[in-house]
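J.: Predicted model and sequence follow; I will ask about them next.
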Amino acid sequence: MLDLTGPLGFLAGKVLADLGADVIKIEPPGGDPSRRWPPHRPPRDGTGPEGLFWQACNAGKRGITLDLEIEEGRRTLARLAARVDFLVESLPPGTLESWHLGPAELRRANPGLITVSITPFGQDGPYRDYAAFDLELMALSGAMSLAGDAEGEPMRASVPQAPMWVGVEAAMGALTALAHRAVTRRGQHVDVSAQAAVLAALAHAPTFWDISGVNPQRAGIFITGRSVTGAKMRAFWPCRDGWLNFIIYGGAAGRHTNRELVAWMKEKDMAPDWMEAIDWSRFEVPSLTQEEVDRLEAPIGAFLATLTKLEFLDGAVRRGMLGYPVSTVAEIHRDPQLRARAFWQEVPDGAGGTLRHPGGFALVNGERLALRRGAPAVGEHNREVLGELTASPPP
(Lines give C-alpha, C1' and ligand atoms only; values in the text may rest on other atoms or scores of the structure.)
Protein backbone atom coordinates (compact mmCIF):
# COMPACT_ATOMS: atom_id res chain seq x y z
CA MET A 1 0.00 0.00 0.00
CA LEU A 2 1.17 3.52 -0.81
CA ASP A 3 0.42 6.21 1.78
CA LEU A 4 0.44 9.75 0.37
CA THR A 5 -1.50 11.24 3.27
CA GLY A 6 -0.85 14.23 5.45
CA PRO A 7 -2.00 14.47 9.07
CA LEU A 8 -5.68 14.29 8.12
CA GLY A 9 -5.20 10.80 6.69
CA PHE A 10 -2.34 9.23 8.64
CA LEU A 11 -4.58 6.91 10.66
CA ALA A 12 -6.00 5.11 7.62
CA GLY A 13 -2.60 3.67 6.75
CA LYS A 14 -1.90 2.96 10.42
CA VAL A 15 -5.06 0.83 10.71
CA LEU A 16 -4.19 -1.11 7.54
CA ALA A 17 -0.61 -1.58 8.76
CA ASP A 18 -1.97 -2.97 12.04
CA LEU A 19 -3.99 -5.44 9.99
CA GLY A 20 -0.85 -6.65 8.22
CA ALA A 21 -0.54 -4.46 5.12
CA ASP A 22 2.94 -3.44 3.96
CA VAL A 23 2.39 0.34 4.05
CA ILE A 24 4.94 2.58 2.33
CA LYS A 25 4.73 6.17 3.62
CA ILE A 26 5.74 8.64 0.90
CA GLU A 27 7.04 12.03 2.03
CA PRO A 28 8.59 15.00 0.22
CA PRO A 29 12.37 15.41 0.45
CA GLY A 30 13.17 16.59 3.96
CA GLY A 31 10.11 14.85 5.43
CA ASP A 32 6.54 15.78 6.23
CA PRO A 33 6.33 19.06 8.21
CA SER A 34 4.05 17.40 10.77
CA ARG A 35 7.04 15.39 11.98
CA ARG A 36 7.86 18.45 14.07
CA TRP A 37 4.44 18.93 15.65
CA PRO A 38 4.50 18.89 19.48
CA PRO A 39 4.59 17.17 21.86
CA HIS A 40 8.13 16.06 21.10
CA ARG A 41 10.45 13.18 21.92
CA PRO A 42 14.27 13.45 21.86
CA PRO A 43 15.70 13.41 18.31
CA ARG A 44 17.23 10.21 16.93
CA ASP A 45 19.53 11.60 14.25
CA GLY A 46 20.41 15.17 15.17
CA THR A 47 17.83 16.70 12.82
CA GLY A 48 15.68 18.18 15.58
CA PRO A 49 12.84 17.09 17.86
CA GLU A 50 10.37 14.49 16.62
CA GLY A 51 6.66 14.79 17.24
CA LEU A 52 4.85 12.04 19.08
CA PHE A 53 1.77 12.59 16.88
CA TRP A 54 3.86 11.56 13.88
CA GLN A 55 5.31 8.60 15.76
CA ALA A 56 1.92 7.33 16.89
CA CYS A 57 0.16 7.66 13.52
CA ASN A 58 2.95 6.27 11.35
CA ALA A 59 4.22 3.33 13.38
CA GLY A 60 4.22 0.09 11.42
CA LYS A 61 4.97 1.78 8.07
CA ARG A 62 8.06 1.84 5.87
CA GLY A 63 9.08 5.28 4.64
CA ILE A 64 10.52 6.75 1.45
CA THR A 65 10.92 10.23 -0.01
CA LEU A 66 9.79 11.26 -3.48
CA ASP A 67 9.75 14.69 -5.06
CA LEU A 68 6.35 14.64 -6.73
CA GLU A 69 6.82 18.16 -8.03
CA ILE A 70 9.14 16.80 -10.73
CA GLU A 71 8.48 14.30 -13.51
CA GLU A 72 10.97 11.72 -12.25
CA GLY A 73 9.23 11.49 -8.88
CA ARG A 74 5.83 11.10 -10.51
CA ARG A 75 7.13 8.35 -12.81
CA THR A 76 8.42 6.49 -9.77
CA LEU A 77 5.05 6.88 -8.06
CA ALA A 78 3.31 5.44 -11.15
CA ARG A 79 5.64 2.45 -11.16
CA LEU A 80 4.98 1.83 -7.48
CA ALA A 81 1.22 2.18 -7.97
CA ALA A 82 1.32 -0.54 -10.61
CA ARG A 83 2.47 -3.02 -7.93
CA VAL A 84 0.22 -2.33 -4.93
CA ASP A 85 -3.33 -3.00 -3.79
CA PHE A 86 -4.07 0.41 -2.26
CA LEU A 87 -3.07 4.02 -2.77
CA VAL A 88 -4.34 6.27 0.03
CA GLU A 89 -3.91 10.02 -0.40
CA SER A 90 -5.05 13.29 1.16
CA LEU A 91 -3.87 15.71 -1.53
CA PRO A 92 -6.07 18.62 -2.65
CA PRO A 93 -8.81 17.39 -5.02
CA GLY A 94 -7.60 17.11 -8.58
CA THR A 95 -3.88 16.95 -7.71
CA LEU A 96 -3.36 13.38 -8.90
CA GLU A 97 -5.32 14.12 -12.07
CA SER A 98 -3.12 17.16 -12.78
CA TRP A 99 -0.13 14.81 -12.67
CA HIS A 100 -1.92 12.36 -14.99
CA LEU A 101 -2.01 9.93 -12.07
CA GLY A 102 -5.71 10.01 -11.28
CA PRO A 103 -7.49 6.86 -10.09
CA ALA A 104 -8.80 5.97 -13.57
CA GLU A 105 -5.37 6.45 -15.16
CA LEU A 106 -3.59 4.38 -12.52
CA ARG A 107 -6.10 1.55 -12.93
CA ARG A 108 -5.19 1.21 -16.61
CA ALA A 109 -1.83 -0.16 -15.47
CA ASN A 110 -3.24 -1.86 -12.35
CA PRO A 111 -6.96 -2.73 -12.82
CA GLY A 112 -7.28 -3.95 -9.23
CA LEU A 113 -5.89 -0.77 -7.64
CA ILE A 114 -8.04 0.74 -4.88
CA THR A 115 -7.48 4.49 -4.54
CA VAL A 116 -8.72 6.15 -1.34
CA SER A 117 -8.95 9.95 -1.36
CA ILE A 118 -9.26 11.72 2.01
CA THR A 119 -10.16 15.40 1.91
CA PRO A 120 -11.88 17.84 4.26
CA PHE A 121 -15.12 17.97 2.24
CA GLY A 122 -14.94 15.36 -0.52
CA GLN A 123 -14.13 15.39 -4.23
CA ASP A 124 -17.11 17.50 -5.32
CA GLY A 125 -19.58 20.06 -3.99
CA PRO A 126 -19.25 23.77 -3.15
CA TYR A 127 -16.65 23.16 -0.39
CA ARG A 128 -14.50 20.85 -2.54
CA ASP A 129 -11.49 23.18 -2.68
CA TYR A 130 -11.67 24.50 0.89
CA ALA A 131 -8.70 23.77 3.14
CA ALA A 132 -9.52 22.68 6.69
CA PHE A 133 -8.20 20.73 9.64
CA ASP A 134 -9.68 19.75 12.99
CA LEU A 135 -11.05 23.10 14.19
CA GLU A 136 -12.89 23.86 10.95
CA LEU A 137 -14.10 20.27 10.51
CA MET A 138 -15.44 19.98 14.05
CA ALA A 139 -17.27 23.27 13.51
CA LEU A 140 -18.70 22.58 10.04
CA SER A 141 -19.74 19.03 10.96
CA GLY A 142 -21.87 20.43 13.79
CA ALA A 143 -19.89 18.69 16.52
CA MET A 144 -18.85 21.96 18.16
CA SER A 145 -22.48 23.03 18.42
CA LEU A 146 -22.90 20.26 21.03
CA ALA A 147 -19.62 20.78 22.94
CA GLY A 148 -19.27 23.30 25.76
CA ASP A 149 -21.49 24.95 28.33
CA ALA A 150 -24.96 26.10 27.38
CA GLU A 151 -24.18 29.78 27.90
CA GLY A 152 -20.56 29.57 26.77
CA GLU A 153 -18.68 29.36 23.51
CA PRO A 154 -18.55 26.28 21.29
CA MET A 155 -15.62 24.10 22.33
CA ARG A 156 -13.19 21.75 20.63
CA ALA A 157 -13.06 18.20 21.98
CA SER A 158 -9.53 17.79 23.42
CA VAL A 159 -6.84 16.80 20.90
CA PRO A 160 -7.73 16.71 17.18
CA GLN A 161 -10.61 14.31 16.60
CA ALA A 162 -11.45 14.74 12.90
CA PRO A 163 -8.32 12.86 11.70
CA MET A 164 -9.31 9.92 13.88
CA TRP A 165 -12.87 9.73 12.54
CA VAL A 166 -11.92 10.14 8.88
CA GLY A 167 -8.96 7.75 9.24
CA VAL A 168 -11.08 4.83 10.41
CA GLU A 169 -13.81 5.63 7.87
CA ALA A 170 -11.18 5.60 5.10
CA ALA A 171 -9.79 2.27 6.29
CA MET A 172 -13.31 0.80 6.28
CA GLY A 173 -13.89 2.17 2.78
CA ALA A 174 -10.64 0.61 1.58
CA LEU A 175 -11.56 -2.79 3.03
CA THR A 176 -15.07 -2.59 1.58
CA ALA A 177 -13.56 -1.94 -1.85
CA LEU A 178 -11.21 -4.87 -1.28
CA ALA A 179 -14.18 -7.17 -0.61
CA HIS A 180 -15.80 -5.88 -3.81
CA ARG A 181 -12.59 -6.56 -5.74
CA ALA A 182 -12.52 -10.14 -4.48
CA VAL A 183 -15.78 -10.68 -6.39
CA THR A 184 -15.31 -8.43 -9.42
CA ARG A 185 -11.49 -8.22 -9.73
CA ARG A 186 -11.95 -4.49 -10.25
CA GLY A 187 -10.49 -1.69 -8.17
CA GLN A 188 -12.46 1.38 -7.13
CA HIS A 189 -12.01 5.01 -6.09
CA VAL A 190 -13.14 5.62 -2.49
CA ASP A 191 -14.00 9.27 -1.81
CA VAL A 192 -13.91 10.08 1.93
CA SER A 193 -15.07 13.41 3.36
CA ALA A 194 -13.77 14.29 6.83
CA GLN A 195 -16.81 16.51 7.43
CA ALA A 196 -19.13 13.58 6.70
CA ALA A 197 -17.00 11.21 8.80
CA VAL A 198 -17.27 13.43 11.88
CA LEU A 199 -21.06 13.30 11.58
CA ALA A 200 -20.79 9.76 12.98
CA ALA A 201 -19.68 11.34 16.27
CA LEU A 202 -23.08 13.01 16.68
CA ALA A 203 -25.29 10.43 15.02
CA HIS A 204 -27.66 10.59 18.01
CA ALA A 205 -28.42 14.30 17.56
CA PRO A 206 -30.64 14.10 14.44
CA THR A 207 -32.83 11.57 16.27
CA PHE A 208 -34.00 14.30 18.64
CA TRP A 209 -35.34 16.25 15.68
CA ASP A 210 -36.86 13.19 14.01
CA ILE A 211 -38.73 12.11 17.15
CA SER A 212 -39.61 15.32 18.94
CA GLY A 213 -38.75 18.22 16.66
CA VAL A 214 -36.07 19.40 19.10
CA ASN A 215 -32.70 20.61 17.87
CA PRO A 216 -30.29 19.62 20.69
CA GLN A 217 -27.96 22.27 22.05
CA ARG A 218 -24.74 22.02 24.03
CA ALA A 219 -25.27 21.59 27.74
CA GLY A 220 -21.78 21.10 29.17
CA ILE A 221 -21.77 18.44 31.89
CA PHE A 222 -25.52 17.91 31.54
CA ILE A 223 -27.72 15.74 29.30
CA THR A 224 -30.82 17.25 27.70
CA GLY A 225 -33.65 15.81 25.63
CA ARG A 226 -34.43 12.94 28.00
CA SER A 227 -37.42 14.58 29.68
CA VAL A 228 -40.57 15.92 28.04
CA THR A 229 -40.53 18.73 30.61
CA GLY A 230 -37.18 20.05 29.38
CA ALA A 231 -35.28 19.01 32.51
CA LYS A 232 -31.52 18.57 32.22
CA MET A 233 -29.61 15.85 34.07
CA ARG A 234 -26.03 15.79 35.22
CA ALA A 235 -23.70 13.38 33.39
CA PHE A 236 -20.36 14.27 35.00
CA TRP A 237 -19.78 14.57 38.73
CA PRO A 238 -16.77 15.73 40.75
CA CYS A 239 -15.25 13.15 43.08
CA ARG A 240 -12.25 13.17 45.41
CA ASP A 241 -9.63 12.76 42.66
CA GLY A 242 -11.33 13.81 39.44
CA TRP A 243 -14.63 13.17 37.68
CA LEU A 244 -17.19 10.39 37.34
CA ASN A 245 -19.72 9.65 34.61
CA PHE A 246 -23.13 8.81 36.05
CA ILE A 247 -26.68 9.56 34.87
CA ILE A 248 -30.04 8.88 36.47
CA TYR A 249 -31.75 6.32 34.23
CA GLY A 250 -35.08 4.58 34.03
CA GLY A 251 -35.71 1.18 32.48
CA ALA A 252 -34.55 -2.13 33.94
CA ALA A 253 -30.83 -1.32 34.06
CA GLY A 254 -31.37 2.22 35.33
CA ARG A 255 -33.77 1.17 38.06
CA HIS A 256 -31.35 -1.49 39.27
CA THR A 257 -28.55 1.10 39.33
CA ASN A 258 -30.68 3.59 41.25
CA ARG A 259 -31.73 0.97 43.79
CA GLU A 260 -28.14 -0.16 44.33
CA LEU A 261 -26.88 3.40 44.61
CA VAL A 262 -29.41 4.21 47.36
CA ALA A 263 -28.41 1.02 49.23
CA TRP A 264 -24.75 2.05 48.94
CA MET A 265 -25.56 5.55 50.18
CA LYS A 266 -27.50 4.04 53.09
CA GLU A 267 -24.42 2.04 54.13
CA LYS A 268 -22.65 5.40 54.49
CA ASP A 269 -25.62 7.07 56.21
CA MET A 270 -26.00 9.41 53.26
CA ALA A 271 -29.40 8.32 51.86
CA PRO A 272 -32.35 10.59 52.84
CA ASP A 273 -35.47 8.77 54.06
CA TRP A 274 -37.53 10.08 51.13
CA MET A 275 -35.00 8.61 48.68
CA GLU A 276 -35.18 5.17 50.33
CA ALA A 277 -38.96 5.29 50.01
CA ILE A 278 -38.99 5.71 46.21
CA ASP A 279 -40.52 2.75 44.34
CA TRP A 280 -37.70 2.29 41.84
CA SER A 281 -39.59 -0.50 40.01
CA ARG A 282 -41.90 2.19 38.62
CA PHE A 283 -39.34 4.98 38.21
CA GLU A 284 -39.29 6.72 34.81
CA VAL A 285 -37.19 9.61 33.55
CA PRO A 286 -39.22 11.28 30.75
CA SER A 287 -41.78 12.85 33.07
CA LEU A 288 -39.31 14.24 35.64
CA THR A 289 -39.38 17.97 36.24
CA GLN A 290 -36.23 19.98 36.85
CA GLU A 291 -37.23 20.36 40.50
CA GLU A 292 -37.47 16.57 40.88
CA VAL A 293 -34.14 16.05 39.12
CA ASP A 294 -32.41 18.62 41.33
CA ARG A 295 -33.82 17.01 44.47
CA LEU A 296 -32.48 13.58 43.41
CA GLU A 297 -29.11 14.86 42.31
CA ALA A 298 -28.28 16.85 45.48
CA PRO A 299 -27.72 13.83 47.79
CA ILE A 300 -26.21 11.80 44.95
CA GLY A 301 -23.66 14.52 44.30
CA ALA A 302 -22.78 14.77 47.98
CA PHE A 303 -22.21 10.99 48.12
CA LEU A 304 -20.14 10.75 44.93
CA ALA A 305 -17.93 13.59 46.15
CA THR A 306 -16.75 11.36 49.03
CA LEU A 307 -15.40 8.64 46.69
CA THR A 308 -12.24 8.25 44.67
CA LYS A 309 -12.55 7.09 41.08
CA LEU A 310 -11.28 3.63 41.97
CA GLU A 311 -13.66 3.33 44.92
CA PHE A 312 -16.57 4.21 42.66
CA LEU A 313 -15.50 1.75 39.96
CA ASP A 314 -15.03 -1.11 42.42
CA GLY A 315 -18.37 -0.42 44.10
CA ALA A 316 -20.25 -0.03 40.82
CA VAL A 317 -18.85 -3.31 39.45
CA ARG A 318 -19.75 -5.22 42.62
CA ARG A 319 -23.29 -3.87 42.53
CA GLY A 320 -23.82 -4.18 38.77
CA MET A 321 -24.34 -0.43 38.37
CA LEU A 322 -24.05 1.81 35.33
CA GLY A 323 -21.35 4.47 35.78
CA TYR A 324 -17.64 4.91 35.17
CA PRO A 325 -14.67 7.04 36.19
CA VAL A 326 -13.35 9.59 33.70
CA SER A 327 -9.75 8.50 33.08
CA THR A 328 -6.84 10.81 32.45
CA VAL A 329 -4.09 9.87 29.98
CA ALA A 330 -1.85 8.83 32.88
CA GLU A 331 -4.62 6.63 34.29
CA ILE A 332 -5.16 4.97 30.92
CA HIS A 333 -1.45 4.18 30.85
CA ARG A 334 -1.73 2.51 34.28
CA ASP A 335 -5.05 0.80 33.56
CA PRO A 336 -4.98 -2.81 34.83
CA GLN A 337 -7.38 -4.02 32.13
CA LEU A 338 -5.15 -2.77 29.32
CA ARG A 339 -2.10 -4.19 31.10
CA ALA A 340 -3.77 -7.59 31.52
CA ARG A 341 -4.55 -7.69 27.80
CA ALA A 342 -0.95 -6.72 26.90
CA PHE A 343 -2.12 -3.59 25.11
CA TRP A 344 1.11 -1.59 25.33
CA GLN A 345 4.03 -2.53 23.12
CA GLU A 346 7.69 -1.52 23.28
CA VAL A 347 8.92 -0.74 19.76
CA PRO A 348 12.57 -0.09 18.77
CA ASP A 349 13.07 3.63 18.28
CA GLY A 350 15.94 3.47 15.78
CA ALA A 351 18.42 4.90 18.28
CA GLY A 352 19.11 1.84 20.40
CA GLY A 353 16.15 2.31 22.71
CA THR A 354 12.42 1.67 22.63
CA LEU A 355 9.27 3.76 22.56
CA ARG A 356 6.05 2.54 24.15
CA HIS A 357 3.11 2.51 21.73
CA PRO A 358 -0.53 1.53 21.99
CA GLY A 359 -0.69 -1.95 20.51
CA GLY A 360 -2.95 -3.23 17.78
CA PHE A 361 -6.65 -2.54 18.28
CA ALA A 362 -7.78 -6.19 18.30
CA LEU A 363 -6.86 -9.68 19.46
CA VAL A 364 -7.05 -12.23 16.65
CA ASN A 365 -7.06 -15.87 17.78
CA GLY A 366 -5.78 -14.69 21.14
CA GLU A 367 -2.86 -12.68 19.75
CA ARG A 368 -2.77 -8.89 19.60
CA LEU A 369 -2.16 -7.27 16.24
CA ALA A 370 1.53 -6.40 16.49
CA LEU A 371 3.44 -3.29 15.52
CA ARG A 372 6.24 -4.54 13.30
CA ARG A 373 8.27 -1.35 13.52
CA GLY A 374 8.21 2.19 14.79
CA ALA A 375 7.57 5.19 12.54
CA PRO A 376 10.25 5.50 9.83
CA ALA A 377 12.98 8.09 9.79
CA VAL A 378 13.01 10.42 6.76
CA GLY A 379 13.80 8.29 3.71
CA GLU A 380 14.71 5.30 5.89
CA HIS A 381 13.58 2.72 3.35
CA ASN A 382 14.46 4.50 0.09
CA ARG A 383 17.10 2.00 -0.96
CA GLU A 384 15.04 -0.99 0.15
CA VAL A 385 11.76 -0.01 -1.55
CA LEU A 386 13.28 1.38 -4.74
CA GLY A 387 15.50 -1.68 -4.94
CA GLU A 388 12.40 -3.87 -4.83
CA LEU A 389 10.95 -1.73 -7.62
CA THR A 390 13.84 -2.47 -9.98
CA ALA A 391 14.29 -6.07 -8.93
CA SER A 392 10.90 -7.38 -9.98
CA PRO A 393 8.32 -6.54 -12.66
CA PRO A 394 4.78 -5.55 -11.73
CA PRO A 395 2.35 -8.44 -11.14
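T.: Yep, that arrived.
J.: what residue ranges in this structure score low on pLDDT?
T.: 43-48, 393-395 (pLDDT under 70).
J.: Show me the residue at the heart of it, geometrically.
T.: For the chain, the residue nearest the mean C-alpha position is residue 164 (3.5 Å; Cα atoms, centre = their mean).
J.: Help me confirm that that residue comes into contact with residue 10.
T.: No. Residue 164 is beyond contact range of residue 10, at 9.8 Å (criterion: Cβ atoms under 8 Å). In short, each C-beta sits where N, CA and C put it, glycine included.
J.: any idea where the strands of the stretch 151-300 of the chain begin and end?
T.: Using DSSP state E, counting those that start in this stretch, the strands of the stretch 151-300 of the chain run over residues 189-193, 222-223, 233-234, 236-239, 242-245.
J.: can I see the domain layout of this protein?
T.: As assigned by automatic domain parsing, the chain contains the domains 2-200+339-391, 221-326.
J.: Is it possible to get JSON lines of those domains that adds distance to residue 333?
T.: Shown next, in JSON lines, are the domains of the chain (distance: least, Cβ to Cβ, whole Å):
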{"stretch": "domain 2-200+339-391", "distance to residue 333": "8"}
{"stretch": "domain 221-326", "distance to residue 333": "15"}
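J.: Single out the most deeply packed of those.
T.: Highest mean neighbour count among the domains of the chain (mean count of other Cβ atoms under 10 Å): domain 2-200+339-391, with a mean of 17.
J.: and residue 191, bridged to which residues?
T.: Beta-bridge partners recorded for residue 191 (DSSP bridges): residue 117.
J.: any idea how far residue 390 is from residue 80?
T.: For residue 80, the distance to residue 390 (Cβ to Cβ, to the nearest Å) stands at 11 Å.
J.: before we move on, the earlier item: columns distance to residue 289 on top of the strands of the stretch 151-300 of the chain, output as a markdown table?
T.: Formatted as a markdown table, the strands of the stretch 151-300 of the chain follow (distance: least, Cβ to Cβ, whole Å):
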| stretch | distance to residue 289 |
| --- | --- |
| strand 189-193 | 42 |
| strand 222-223 | 15 |
| strand 233-234 | 12 |
| strand 236-239 | 21 |
| strand 242-245 | 24 |
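J.: Secondary structure element holding residue 357?
T.: The secondary structure element spanning residue 357 is strand 354-358 (assigned by DSSP states H and E).
J.: tell me what that strand is packed against?
T.: With contacts taken as 3 or more Cβ pairs under 8 Å, 6 or more residues apart in numbering; DSSP states H and E, strand 354-358 sits against helix 52-58, strand 344-348.
J.: please redo it, this time with the cut-off set to 6 Å
T.: Applying 3 or more Cβ pairs under 6 Å, 6 or more residues apart in numbering; DSSP states H and E, we find strand 354-358 packed against strand 344-348.
J.: Which one of the strands of the stretch 151-300 of the chain lies nearest to residue 348?
T.: strand 189-193 (32.1 Å; Cβ to Cβ).
J.: Paired strands for the strand holding residue 357, with orientation please.
T.: Its sheet considered, strand 354-358 pairs with strand 344-348 (antiparallel) by DSSP bridges.
J.: Quick one: distance of the strand it pairs with to the chain centre.
T.: Distance of strand 344-348 from the chain centroid (Cα atoms, centre = their mean, to the nearest Å) equals 21 Å.
J.: ok, now stretch 206-213?
T.: Counting by Cα atoms, centre = their mean, stretch 206-213 is centred 26 Å from the centre of its parent chain.
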